[in-house]
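In: got a sequence here, can you model it:
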Amino acid sequence: MCTSANKRQVTAATQQMSEEMDRLLSLPEGVLYNILSYLPTKTVVRTSVLSTKWRYLWTSFPCLNFDEFTGFGGGSPRARATRFIRFVDWVLILHGASIETVHFNCSWQCSSSYIYMWIRAMVMRGVKELEFSVQHPYIVGSFVWLPRANIQFPHCLFNCRTLVVLKLKFNGESLELPASICFPELKTVCLEKVLFKHGKLISKLFSNCPKLENLFLDRCAGSIILNISNHALKSLSIDTFGAPNWRCFRKIKVSCQNLESFVYRGLDVGYYYFDCSPSVVCASLELVSVNEKREQPINQVFVAFPSVKVLKLSCGLIELLSSMQSSLDWLPIFYQLKHLSLSAIVYEDHLRVISFLLKNSPNLEEFWLESFEVLCDDCECLESAKLPSGCIPKHLKIVKISGSMEKNEIILVRSFLESAYFLEQIIIELQHADLETQMVVSQKLLMLPRVSRSCVIDLRRHASNERKKGSRGSLPEHRK
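Out: Next up, the predicted model:
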């Protein structure tokens, strides 16, 4: 009887599996391709054993994903790379259709000659999205610059007429560029840990893309003048934090007449030139260090964004402005600014800068502040944390302060409650606070006077118990 019951269970399981397989095989080809696009190519090839219909499906699959670190493990890094190279060659020989998307993730052990041939084959097959990543064979995903010999791509890549998205992730290797560069369809470029050696060729790379809309430079470096000129560009992000200091850009020049979003995070290079139209809606400037030998007043940077609606400034930039008091008088008036996000220390020097920024933003609706620890215990310094009533915009609706809610921060909250007549909500994010501390802070906040009867105080506990230091920030979305 047990045997009979077991047979019935096996038969039922087999029938259920068959029904599920039939449903899978009956899916439209477009849906199947979409599902398989999330899998490594090695896994996609293995689906050929599922049915006769799928036996050669992968040979016409338009998306290829080659990852040396998935499915090729065992043995030494050289042996793993050898198996990976053989597999890629085998797939490219048998694959007979055009290719829309291809991702390469390989180690140093892959010879440059193979990489050269693979990229050339992709260009010849009309690739639209190309992502190439080279990693250290032992330190996968490291933030450290560990360059090997320069990577040589075929010249045909830089004149590819079908490429729409280009993503290159290096370890500090130099990007060797030919004299002739033209990407007629390229819209998105992402470069990570790429060393720029030739300033003119790099500038040519960015300018010879008539449809380029998005440019992201992550931990790229080079002792050059970074010159980005493209009138089609809409979003530009430059993040040099983590790149070697000795390879810092000497100057940064941006000429983009249709730019809408600009993000800069990294070392202060000391000189910036912006030729942008008033179309810039979002701007984020985060300096992780201050250049004592800067060639221009910092206030000239703000002049480039007169119509910005969302502005984010780092603590390093606030410190720089506070040390150059004469620059505050030359700050522009941001008539269209709706959202202002700052990182600062709530004490006299930084509050002077904050008050200037608030005063020069007459139509501001949201103000966010990430407060850092006060460096001194001077009572006079703490008492001066109150903002002048005339600097708070009359249209201010939401205030968000993230900090430990010490005496100086409580005084700052009181400034907003006493002066913002149309304030709807003030959000307090407590950092590294236990339940007892939350109760004490809550009682202090509820006792503060307020001029807006509709204002709600929302006390929250920060998601992390530790204060964020130098974390990557993101621009909040602009509310239309």
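
In: okay, now Val440: neighbour count?
Out: 11 (other C-beta atoms under 10 Å). Where you see a C-beta, it was placed from the backbone N, CA and C, and this is true even at glycine.

In: which stretches of the stretch 51-200 of the chain form helices?
Out: For the stretch 51-200 of the chain, applying DSSP state H, counting those that start in this stretch gives helices covering 77-94, 112-124, 199-207.

In: next: the stretch 351-480 of the chain.
Out: 379-383, 407-419, 435-446.

In: helices and strands around the longest one, which ones?
Out: With contacts defined as 3 or more C-beta pairs under 8 Å, 6 or more residues apart in numbering; DSSP states H and E, the packing partners of helix 407-419 are strand 366-372, helix 379-383, strand 398-403, strand 425-430, helix 435-446.

In: with the last one instead?
Out: The helices and strands touching helix 435-446, judged by 3+ C-beta pairs under 8 Å, 6+ apart, are helix 407-419, strand 425-430, strand 456-461.

In: give me the mean pLDDT for the longest one.
Out: I take that to be helix 407-419. The average pLDDT within helix 407-419 is 90.

In: tell me what angle that helix forms with helix 435-446.
Out: Taking axes from the mean of the first three to the mean of the last three C-alpha atoms, to 10 degrees, helix 407-419 and helix 435-446 form an angle of 30 degrees between their directions.

In: determine how far helix 407-419 lies from the middle of the whole chain.
Out: Averaging C-alpha positions (C-alpha atoms, centre = their mean, to the nearest Å) puts helix 407-419 33 Å from its chain's average.

In: and the helices of the stretch 51-200 of the chain: which comes nearest Val353?
Out: Among the helices of the stretch 51-200 of the chain, the nearest to Val353 by C-beta to C-beta is helix 199-207 (33.1 Å).

In: now the element after that closest one, going C-ward?
Out: Sequence-wise, the next helix or strand downstream of helix 199-207 (DSSP states H and E) is strand 214-218.

In: per-residue pLDDT, His432?
Out: 76.

In: thought it was touching Glu406?
Out: No. Counting by C-beta atoms under 8 Å, His432 sits too far from Glu406 to count as a contact (11.9 Å).

In: of the two, give the one with the bigger neighbour count.
Out: Taking other C-beta under 10 Å, His432 and Glu406 do not tie; Glu406 has more neighbours (15 against 12).

In: now that one: phi and psi?
Out: phi -80, psi -170 (degrees, to the nearest 10).

In: gap between it and Gly126?
Out: Distance, Glu406 to Gly126, using C-beta to C-beta, to the nearest Å: 61 Å.

In: follow-up on the earlier one: now render the helices of the stretch 351-480 of the chain as TSV, adding distance to Ile426.
Out: Listed next are the helices of the stretch 351-480 of the chain as TSV, based on distance: least, C-beta to C-beta, whole Å:
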stretch	distance to Ile426
helix 379-383	20
helix 407-419	6
helix 435-446	8
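
In: which one of the ones you listed lies nearest to Gly71?
Out: It's helix 435-446; of the helices of the stretch 351-480 of the chain, that one is closest to Gly71 (C-beta to C-beta) at 48.3 Å.

In: could you give me the buried positions within the closest one?
Out: Gln438, Val441, Leu445 (16 or more other C-beta atoms under 10 Å).

In: let's have these in TSV, adding distance to Glu370 and pLDDT.
Out: Putting the buried residues of helix 435-446 into TSV (distance: C-beta to C-beta, whole Å; pLDDT from 0 to 100) gives the following:
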residue	distance to Glu370	pLDDT
Gln438	19	85
Val441	17	88
Leu445	18	89
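
In: of those, closest to Cys276?
Out: Closest to Cys276, out of all of these and judged by C-beta to C-beta, is Leu445, at 40.8 Å.

In: can I get the helices of the stretch 51-200 of the chain in TSV including mean pLDDT, distance to Leu236 and mean neighbour count?
Out: Listed next are the helices of the stretch 51-200 of the chain as TSV, based on pLDDT from 0 to 100; distance: least, C-beta to C-beta, whole Å; neighbours: other C-beta atoms under 10 Å:
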stretch	mean pLDDT	distance to Leu236	mean neighbour count
helix 77-94	91	34	16
helix 112-124	93	26	17
helix 199-207	93	10	19
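
In: run through the stretch 201-350 of the chain and note the low-pLDDT ranges.
Out: 246, 292, 295 (pLDDT under 70).

In: what about the helix or strand hosting Gly30, distance to the chain center?
Out: Following DSSP H and E, one finds Gly30 within helix 29-36. Put simply, helix 29-36 sits 29 Å off its chain's centre (C-alpha atoms, centre = their mean).

In: got a list of contacts for that helix?
Out: Helix 29-36 is contacted by residues Leu27, Val44, Thr47, Leu57, Trp58, Phe61, Pro62, Cys63 when judged by C-beta atoms under 8 Å, 6 or more residues apart in numbering.

In: against Ile298, how distant is the fourth one?
Out: Noted for Leu57: a distance of 58 Å to Ile298, by C-beta to C-beta.

In: what does the third one give?
Out: Using C-beta to C-beta, Thr47 is found at 57 Å from Ile298.

In: the two - which one has more neighbours?
Out: Ile298 (22 against 18).
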